[in-house]
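Student: I'll drop the sequence and a predicted model, then ask my questions.
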Amino acid sequence: MAVVTSFVPDDREVRSLHPTRVVCKYIISENNGHKIIQLNTYGSDDREIPGKLSQTLQLDEEAAKQLLSILSKDF
């Protein structure tokens with residue numbers, strides 16, 4: 001688990017889509033006067049414990065703005 005502070009392009013390509021589909025919940029919070037967004041994914045219905053918290057990623061405010069810019073440009 002980590003706080004993302006920036007995004008850097010990768011020159012590789014996505015070879016295939018992951019077969020599993022999951023829900024991602026988000027939390028927007030403030031920590032020591034700084035906003036963060038936390039993205040949580042949960043185990044799929046096929047997992048041993050469906051719905052269990054699986055992965056967490058936090059973005060600080062600058063990283064969130066950078067991701068928004070990337071998404072606006074490329075999508």
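Tutor: Ah, there it is.
Student: any chance you could map the strands in this protein?
Tutor: 2-4, 24-31, 34-42, 53-60 (DSSP state E).
Student: could I get these as a markdown table with mean neighbour count and distance to Gln66?
Tutor: (Glycine included, C-beta is placed from N, CA and C.) Shown next, in a markdown table, are these (neighbours: other C-beta atoms under 10 Å; distance: least, C-beta to C-beta, whole Å):
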| stretch | mean neighbour count | distance to Gln66 |
| --- | --- | --- |
| strand 2-4 | 13 | 9 |
| strand 24-31 | 10 | 16 |
| strand 34-42 | 15 | 12 |
| strand 53-60 | 16 | 9 |
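Student: Mean pLDDT lowest where, among the ones you listed?
Tutor: Among the strands of the chain, strand 2-4 has the lowest mean pLDDT, at a mean of 88.
Student: Counting by contacts, list what it packs against.
Tutor: Contact partners of strand 2-4 among helices and strands, from 3 or more C-beta pairs under 8 Å, 6 or more residues apart in numbering; DSSP states H and E: strand 53-60.
Student: which one of the strands of the chain lies closest to Arg12?
Tutor: Nearest of those to Arg12, taken as C-beta to C-beta: strand 2-4 at 18.6 Å.
Student: Need the strands of the chain in CSV (columns: distance to Ile70).
Tutor: As requested, those are exported to CSV (distance: least, C-beta to C-beta, whole Å):
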stretch, distance to Ile70
strand 2-4, 12
strand 24-31, 17
strand 34-42, 15
strand 53-60, 12
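Student: Check the burial of the closest residue to Ile49 other than its chain neighbours by counting its neighbours.
Tutor: Closest residue in space to Ile49, ignoring its immediate chain neighbours: Gly43 at 5.9 Å, by C-beta to C-beta, 6 or more residues apart in numbering. Using other C-beta atoms under 10 Å, the number of residues around Gly43 comes to 17.
Student: Many thanks, I have nothing further to ask.
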